[in-house]
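1. The sequence isn't on hand, but the structure is:
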């Protein structure tokens, strides 16, 4: 099965998409990565979905990535005696640690870490920013606030604190248990919520111990401010526009998205654009024009992947949502303007031999009659560097490591093929020629570019490039030994 577009689709599983038939239909419609939202459902339910994905992988013969999304610390108010209260602009309300039921003038906020960080003038956003209060006075166990944007406050609504760096780790006790569970079943990627600093990522990487790679979710202003440092220690990035649009002015999110995508591409690390991409398709079989434009914008900007959440997990039209996203991607990538935008934003940095090899591969492929760039890769780094170039020809990633191929399902343009270990470059070239023909990228009359590292099966050694025929008989006749 060959995708006819380069951007990848991340599909969230949930109650509306949990059985074999639906998950397989989502894969056939275009899903490349399946997201397990650990915030919802039991470990047993998530394990059942994971096992179905792996069975589909066997049945279709194609690598599939699984991403487990960790919940992160959840900041919430307590409960009210009346269940809810209306707050008007100018009203005063106190937040404290007292577990007693709240009323219109006070309520519990069971997070001493928040009080430790608050200062007068700081904002608290409640219920996804629908209510905004400003701190007038605060201490170690209380905050007196004035309402600046009113609304209805009710039991256990979420709280965002955009103005301060909270002394909270990105991993709660629940997250640590969920992380261990996700690694034990074999997920490929872990999405880390509530990232504020690079140390949050390093903690998760230490716990994962190489069993899964880390996607840092950028959803807090502090993460935007420290993005370069966070990117340096992350394996991939998710631009999580939901919370980001709550804690920052909504008009600031589009330029942040564009900036983060470019930085990820320059670093050769995958970036996912997420949240509300086709939100109306939770209830409607057709998206809005604005949603289609939003998806297209992320693709034009060069995102590696675009994500569907509630549209699939709880929506009425999950298959249609993936099909729509697939169609939008194919339409955008066939637009000549897309190539102009992508090539104008190509990073110019060349620091290593591997950088030079993949840049040369792209130049050769685009100036001669080349069917595909074939990367023989152990860790996936070579394929990621080729993807950074955003070549006009297809990318075929070949590896003997199944885990590497699964992780590359998140990388722009990578068509991933499992092959046996090789000891000589000629064997890698033969494998590449066979894969190009088998998956319809070329025939016996075509040529391919092959990149690899010698010695083989050692990470980070990309140092060789060859233009070769797709006909392996010609490879043997040209290099008989």
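-> Great, that's in hand. In this text, all values refer to a predicted model and were calculated from it rather than measured experimentally.
2. Show me how this structure divides into domains.
-> The record, using automatic domain parsing to delimit domains, assigns the chain the ranges 8-72+170-335, 84-160, 353-478.
3. Select, out of these, the one closest to residue 343.
-> The closest of these to residue 343 is domain 353-478. By Cβ to Cβ, the value is 7.2 Å. Quick note: C-beta positions are derived from backbone N, CA and C, even for glycine.
4. Make sure residue 159 is indeed in a helix.
-> No: going by DSSP: H, G, I helix; E, B strand; the rest coil, the assignment for residue 159 is strand, not a helix.
5. Which residue is the nearest non-sequential neighbour of it?
-> In space, residue 159 comes closest to residue 75 once its chain neighbours are excluded; the distance is 4.4 Å by Cβ to Cβ, 6 or more residues apart in numbering.
6. For the one you found, what are phi and psi?
-> In terms of degrees, to the nearest 10, the main-chain angles of residue 75 are phi -100, psi 120.
7. and it, how many neighbours?
-> 20 (other Cβ atoms under 10 Å).
8. Likewise for residue 324?
-> Here the count is done by other Cβ under 10 Å, and residue 324 has 24 residues near it.
9. Contacts for stretch 259-270, please.
-> Identification of contacts with stretch 259-270 by Cβ atoms under 8 Å, 6 or more residues apart in numbering yields 218, 224, 227-228, 231-232, 234-237, 239, 271, 273, 298, 301-305, 345, 347, 349, 381, 384-385, 387-388, 390, 410-412.
10. and the spatially most central residue of the chain, which of the three is it?
-> Among the residues of the chain, residue 272 comes closest to the average C-alpha position under Cα atoms, centre = their mean, at 3.6 Å. Classification of residue 272 by three-state DSSP places it in strand.
11. I'd say the residue nearest to residue 159 and residue 158 touch.
-> Yes: in terms of Cβ atoms under 8 Å, residue 75 counts as a neighbour of residue 158; the distance is 6.5 Å.
12. Might you report the residue contacts of residue 358?
-> Neighbours of residue 358 in contact, by Cβ under 8 Å, 6+ apart: 382, 385, 386, 388, 389, 451, 462.
13. My guess is the last one contacts residue 380. True?
-> No: checked against Cβ under 8 Å, the pair residue 462 and residue 380 is beyond contact range at 11.3 Å.
14. Tell me which residues are up against the one helix or strand residue 147 maps to.
-> Secondary structure here is read from DSSP states H and E; on that basis residue 147 sits in strand 142-149. Applying Cβ under 8 Å, 6+ apart, the set of residues contacting strand 142-149 from outside is 87-97, 109, 114-115, 118, 123-124, 130-138.
15. Quick check: neighbours of that strand in the sheet, parallel or antiparallel?
-> Within its sheet, strand 142-149 is paired with strand 92-96 (antiparallel), strand 131-138 (antiparallel), according to DSSP bridges.
16. Export the ones you listed to CSV and append columns for mean neighbour count.
-> Compiled in CSV, the strands paired with strand 142-149 are given as follows (neighbours: other Cβ atoms under 10 Å):
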stretch, mean neighbour count
strand 92-96, 20
strand 131-138, 18
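17. As CSV, those with distance to residue 10 and mean pLDDT would be great.
-> What follows is the strands paired with strand 142-149, written out as CSV (distance: least, Cβ to Cβ, whole Å; pLDDT from 0 to 100):
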stretch, distance to residue 10, mean pLDDT
strand 92-96, 36, 97
strand 131-138, 31, 97
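18. what about the strands in the stretch 101-250 of the chain?
-> Counting by DSSP state E, counting those that start in this stretch, one finds strands in the stretch 101-250 of the chain at the ranges 106-108, 123-126, 131-138, 142-149, 151-154, 159-160, 189-192, 213-218, 236-240.
19. With residue 5 as the reference, name the closest of those.
-> Comparing these by their distance to residue 5 (Cβ to Cβ), the top pick is strand 236-240, with 19.1 Å.
20. rewinding a little: what's the closest of the strands of the stretch 101-250 of the chain to residue 49?
-> It is, among the strands of the stretch 101-250 of the chain and with distance given as Cβ to Cβ, strand 189-192, at 14.9 Å.
21. which residues touch the closest one?
-> Where contact means Cβ under 8 Å, 6+ apart, the residues beyond strand 189-192 that reach it are 33, 35, 65-70, 72, 170-171, 179, 182-183, 200-201, 204, 208, 212-217, 235-236, 238, 407, 410.
22. Can I have the buried ones of those residues as a ChimeraX selection?
-> For anyone working in ChimeraX, the buried entries among these, judged by 16 or more other Cβ atoms under 10 Å, can be selected with:
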select :33,35,65,66,67,68,69,70,72,170,171,179,182,183,200,201,204,208,212,213,214,215,216,217,235,236,238,407,410
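23. and residue 467, what does it touch?
-> Counting by Cβ under 8 Å, 6+ apart, the residues that residue 467 touches are 364, 368, 370, 447, 448, 449, 450.
24. ditto for residue 405
-> Counting by Cβ under 8 Å, 6+ apart, residue 405 makes contact with 63, 380, 397, 399, 416, 417, 418.
25. Strands - which of those land there?
-> Counted as lying in strands by DSSP state E, out of the contacts of residue 405, are 397, 399, 416, 417, 418.
26. Out of these, which comes closest to residue 285?
-> The shortest gap between residue 285 and any of the ones in strands among the contacts of residue 405 belongs to residue 416, at 31.6 Å (Cβ to Cβ).
27. picking up where we left off before, buried among the contacts of stretch 259-270? Need that as a selection in PyMOL.
-> Here the buried members of the contacts of stretch 259-270 are turned into a PyMOL selection, burial being counted by 16+ other Cβ under 10 Å:
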select buried, resi 218+224+227+231+234+235+236+237+239+271+273+298+301+302+303+304+305+345+347+381+384+385+387+388+390+410+411+412
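28. quick one: which of the contacts of stretch 259-270 sit in helices?
-> Counting by DSSP state H, the part of these found in helices is 224, 227, 228, 231, 232, 298, 381, 384, 385, 387, 388.
29. Just put the strands paired with strand 142-149 in a markdown table and tack on distance to residue 154.
-> Conversion of the strands paired with strand 142-149 to a markdown table gives the following (distance: least, Cβ to Cβ, whole Å):
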| stretch | distance to residue 154 |
| --- | --- |
| strand 92-96 | 13 |
| strand 131-138 | 10 |
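30. of all the ones you listed, which lies closest to residue 51?
-> Nearest to residue 51 among the strands paired with strand 142-149 is strand 131-138; the distance by Cβ to Cβ comes to 42.1 Å.
31. quick one: contacts of the closest one?
-> Under the contact criterion Cβ under 8 Å, 6+ apart, strand 131-138 has outside partners 87, 93, 115, 118-126, 143-153.
32. follow-up on the earlier one: please pick the buried ones from the ones in strands among the contacts of residue 405.
-> Here, 16+ other Cβ under 10 Å leaves 397, 399, 416, 417, 418 buried among the ones in strands among the contacts of residue 405.
33. Of those, just say which sits nearest to residue 341.
-> residue 397 (24.4 Å).
34. my guess is the closest one meets residue 412, correct?
-> No: contact status for residue 397 versus residue 412: not in contact, 11.4 Å apart, counting by Cβ under 8 Å.
35. mind listing what residue 130 touches?
-> Neighbour list for residue 130: 149, 151 [criterion: Cβ under 8 Å, 6+ apart].
36. so how far is residue 239 from it?
-> According to Cβ to Cβ, to the nearest Å, residue 130 and residue 239 sit 22 Å apart.
37. go on, residue 268?
-> Going from residue 268 to residue 239 by Cβ to Cβ gives 17 Å.
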